[in-house]
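Visitor: Here is my input; please provide its structure:
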Amino acid sequence: MKRSTDKTWVDAFQQRYSVRERIFLFYMFFFAGLAVLTILANLASGFDFSFNYKWMAISGFCLALGLLAIKRIKTELVHRVGVYTLSLVILPASWLSSAGLMSPSMVYSVVALLLINFLLAGIERIALNAAFLGVNLALISLYHFQPGLFRTLSAEEQFLDWMVNIPMLFVFTALLLATFERAYERERMVNIEKTKKLAALSRTDSLTGLQNRRHLDEDIEERVRDCRDKGTPLSIIVFDVDYFKQFNDAYGHLQGDECLQTIASLLREAALRSGDKVYRFGGEEFLILLKDTDQAGALAFARRLKADIETAAIPHEQSAVAPIITASMGIATGQPPEVEGQTLLDQADMALYQAKASGRDTIVCFED
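Guide: Residues are numbered from 1 along each chain as shown. You can find the predicted model right below:
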C-alpha cells in the first residue's frame, strides 16, 4: 500500500513541475544539503565557527530559492537569480575562500555549467557560459599569480578534501543525468503522443467522431493506388439526410445533432470491413469508401444502410417523403486502371444530385 502511495506522490510531483523546474529544485536542495554537511563537518573537526558563515549563507539562500520554486512564485525570476548567483557569486566566492586549485572547488564549476545549460536558452545561455568561463579563467590566473590569497592545505587535508567532495559530485552528476534523461524521454514521448492526438483530432469530426473531409483527401488517393495495384474496383457512396434543415427548424439543433450522431453510428456499424471507411462530408452529408467493391456490391450496401435508417425510425414530421428520417444516396464505382479519386467524388456527387432531383429517399448509381 505504501508503494502505491509513493508512486502517486512522485507522479503528482512530476505532473506539477516541468523538467526544468525539477532540475532547479534538485540543484537548490543539493547545494543547501552540501552546505549543511560542510557546517557539520567543520564543527566536528573543531574549526573556528567563522568558517561556517559562508556555508550558512549558501544554505539559507538555496533553501529560500527552493521554497519559492516549490510554491512557483515568479518561477522564471527565481531560476535566473539562482543560476546567476550560483555561477557568478557563490562558486567564485567559495573558490576564493578555499585552497584554489589544490581543492575540488573548480570541479563544482562543471556542475554549475550543467545548470546554466539546462535552464537557460538562446543568447542568454551563450552570454552566461562566456561570463562563467571568463570568471573561472580569472580565478585560475589569480591562483597562479597570487597564490598567497588562498588557503594552504597539507597533503592529508588535500587528500581528505578530494576524497569527500569528488565522490559526492560524481554521485550528484550521475543521479542528475540519469534522472532527467529519463524525465526528458518521458516528456518527449508525451509530446509525441499529444502530437498524434492533435493530428487525429484535426482529421476527426468532433460531433460524430467520424473522420472528416481532410482525412478523406488523404485516404482516397491511398485507396486509389491500392485499387490500381490489386486491379480491384473502388466504390464511393455519398449520402445525404433528406430535408435536414426542416428537421433542425422543427426539432431544434440539439435534436439535429443527436440525429446526425445516430446516423453516424449506423454508418459505422454498416462499414464492418477493415478497408471500408466512413466520413462526415458536410453538414448532413456523409461519404463511404468501399474498397474491393463493384457497383452491385455498393448498391447492396446502400440498400442495407437505407433499411437500417428506416428501422431506426427517427421521427421527421416536416419531411416531404416520409414521417421519419430518410436518406438519398449517390454511388460511383471506378475500375482500374482508369480510376481517379476526384473523378469518383464528382461522379458520386452527380448521382446524389440525381437522387435528390428525382424525389429523394432513393439511391442512384452514376452511369457514363
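Visitor: Where does the prediction get shaky in the stretch 101-250 of the chain?
Guide: 196-203 (pLDDT under 70).
Visitor: Tell me where it has helices.
Guide: Taking DSSP state H, counting those that start in this stretch as the criterion, the stretch 101-250 of the chain carries its helices at 108-119, 122-145, 155-202, 213-230, 244-251.
Visitor: after whatever helix or strand Q342 lives in comes which helix or strand?
Guide: Using DSSP states H and E, Q342 sits in helix 341-357. Downstream of helix 341-357, the first helix or strand assigned by DSSP H and E is strand 363-365.
Visitor: Report the contact partners of M106.
Guide: M106 makes contact with W95, N136, L139, I140, according to CB atoms under 8 Å, 6 or more residues apart in numbering. For every residue, glycine as well, the C-beta is placed using N, CA and C.
Visitor: For the first one, give its distance to F24.
Guide: Relative to F24, W95 is positioned 22 Å away (criterion: CB to CB, to the nearest Å).
Visitor: and the contacts of M106, which two are the farthest apart?
Guide: W95 and I140 (9.4 Å; CB to CB).
Visitor: Neighbour count for the two, which is higher?
Guide: W95 (23 against 14; other CB atoms under 10 Å).
Visitor: That one reaches L142, doesn't it?
Guide: No: contact criterion CB atoms under 8 Å: W95 and L142 do not qualify, at 9.3 Å.
Visitor: Just confirm S328 is within a helix.
Guide: No: using DSSP: H, G, I helix; E, B strand; the rest coil, the secondary structure at S328 is strand, not a helix.
Visitor: Show the contacting residues for it.
Guide: F239, D240, D242, L352, A355, K356, R360, D361, T362, I363, V364.
Visitor: Just give me the neighbour total for the fourth one.
Guide: Just to be clear, that refers to L352. For L352, the neighbour count with other CB under 10 Å is 26.
Visitor: What of the first one?
Guide: Here the neighbour count serves as a burial measure; for F239 (other CB under 10 Å) it reads 27.
Visitor: any idea how far it is from A302?
Guide: F239 is 8 Å from A302, where distance means CB to CB.
Visitor: Please apply the same query to V364.
Guide: Taking CB to CB, one finds V364 at 10 Å from A302.
Visitor: Now the common contact residues for the two.
Guide: Overlap of the contact sets of V364 and A302 (by CB under 8 Å, 6+ apart) consists of M329, I331.
Visitor: which residues does L149 contact?
Guide: L149 sits next to L96, L142, Y143 when contact means CB under 8 Å, 6+ apart.
Visitor: Recalculate using a threshold of 7 Å.
Guide: L149 makes contact with L142, according to CB atoms under 7 Å, 6 or more residues apart in numbering.
Visitor: neighbours around the closest residue to L120 other than its chain neighbours, how many?
Guide: Of all residues not flanking L120 in the chain, L128 sits nearest, at 6.1 Å (CB to CB, 6 or more residues apart in numbering). When neighbours are counted by other CB under 10 Å, L128 registers 21.
Visitor: So L128 sits against F118, correct?
Guide: No: with contact defined as CB atoms under 7 Å, L128 does not reach F118; the gap is 12.0 Å.
Visitor: how does the chain divide into domains?
Guide: Taking automatic domain parsing as the criterion, the chain consists of the domains 2-200, 213-365.
Visitor: Pretty sure Y84 sits in a strand.
Guide: No: the assignment for Y84, made by three-state DSSP, is helix rather than a strand.
Visitor: what about it, neighbour count?
Guide: Neighbours of Y84 under the rule other CB under 10 Å: 16.
Visitor: Give me the spatial nearest neighbour of it, chain neighbours excluded.
Guide: Closest residue to Y84 apart from its sequence neighbours, by CB to CB, 6+ apart: L128 at 7.1 Å.
Visitor: Please tell me how far the one you found sits from L119.
Guide: L128 is 10 Å from L119, by CB to CB.
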